[in-house]
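S.K.: Take this sequence and fold it.
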Amino acid sequence: MTVETAPGQKLYRAVVDALRREIETGRFAETQLLPAERVLCELLDVSRTTLRKAIADLIAEGVLFHRHGAGTFIHRATPRVEQPSSRLTSFTEDMRLRGLEASSRELERGVFLPTPEESMMLGVRPNERVFRLGRLRLADGSPMAIERAAVPIRFLPEQDSVGGSLYEALSARGFKPARGLQRLRATLVDHADAELLGVAPDSPALYIQRIAYLADGSCVEFTKSWYRADAYDFVSELTLSPPARKAHR
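M.R.: Coordinates of the predicted model:
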């Protein structure tokens, strides 16, 4: 990373230009959190005083923001999604319906013995293997959620068949989920998940636990997800039930 100073330009303004360039198209284009001051000073070959003045200007411009104890973050426009909580759909389908490009970064993929929680939720024996898939889900390149899914191996014996959508892979084998049970609660993300989602540690998130069933009642999927609270609104349509009729004696 180079700092090019124009004639008469103050050094800290050149640092501002260099940082903005790296944020837009350079080495910081795919990240949310800036490196530590010491690292930036070494990369830019400037003093901490100069760096801090440049960062202060970028914060004033709205390019960066600082969270005490967490660091300096890049302010990016995150897509905000309204998600109906009454429909059973995949992340890929949800983003496609909203004109957003869904993508994933795999965190885990493989066949394992189930955890006690997976065994209970999926109704599988402790020695019955499950296909496990952990992914960071993105919309138009912005991190939106972390999903960790488990499927009994009898439904997906060929794990390589799962591409962008788990539900599409299940449907291709004739095991399309027909209904699901979903629980939501507020939570705070830990340091590791915060780094993946591009937010500060202990940021609020929506924790969602979902169990999906086939038409015959078989449990086909158990997924735990952590959604960015600043990117998702879950919407439910409610109706007022008719008044109960009085019993006639």
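S.K.: mind checking the SS state of the closest residue to Pro116 other than its chain neighbours?
M.R.: Distance criterion C-beta to C-beta, 6 or more residues apart in numbering; nearest residue to Pro116, sequence neighbours excluded, is Pro126 at 7.9 Å. Quick note: C-beta positions are derived from backbone N, CA and C, even for glycine. Secondary structure, DSSP: H, G, I helix; E, B strand; the rest coil: Pro126 is coil.
S.K.: Wait, Pro126 touches Leu113, no?
M.R.: Yes. If you go by C-beta atoms under 8 Å, Pro126 and Leu113 touch, sitting 6.9 Å apart.
S.K.: Looking at these two, which has the bigger crowd around it?
M.R.: Counted by other C-beta atoms under 10 Å, Pro126 and Leu113 do not tie: Leu113 has more neighbours, with 13 against 10.
S.K.: residues contacting that one?
M.R.: With contact taken as C-beta atoms under 8 Å, 6 or more residues apart in numbering, Leu113 is in contact with 126-127, 129-130.
S.K.: Pull out the buried residues from stretch 60-72.
M.R.: Within stretch 60-72, the residues that qualify as buried are 63-64, 72, counting by 16 or more other C-beta atoms under 10 Å.
S.K.: Okay, buried residues for stretch 180-191 please.
M.R.: Residues of stretch 180-191 classed as buried by neighbour count (16+ other C-beta under 10 Å): 180, 187, 189.
S.K.: now stretch 196-213
M.R.: 196-201, 203, 205-206, 208, 210-213.
S.K.: Give me the average confidence score over that stretch.
M.R.: What stretch 196-213 shows for mean pLDDT is 90.
S.K.: thinking again about what came up before, may I see the ChimeraX selection of the buried members of the contacts of Leu113?
M.R.: Here is the ChimeraX command that selects the buried residues among those (16+ other C-beta under 10 Å):
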select :129,130
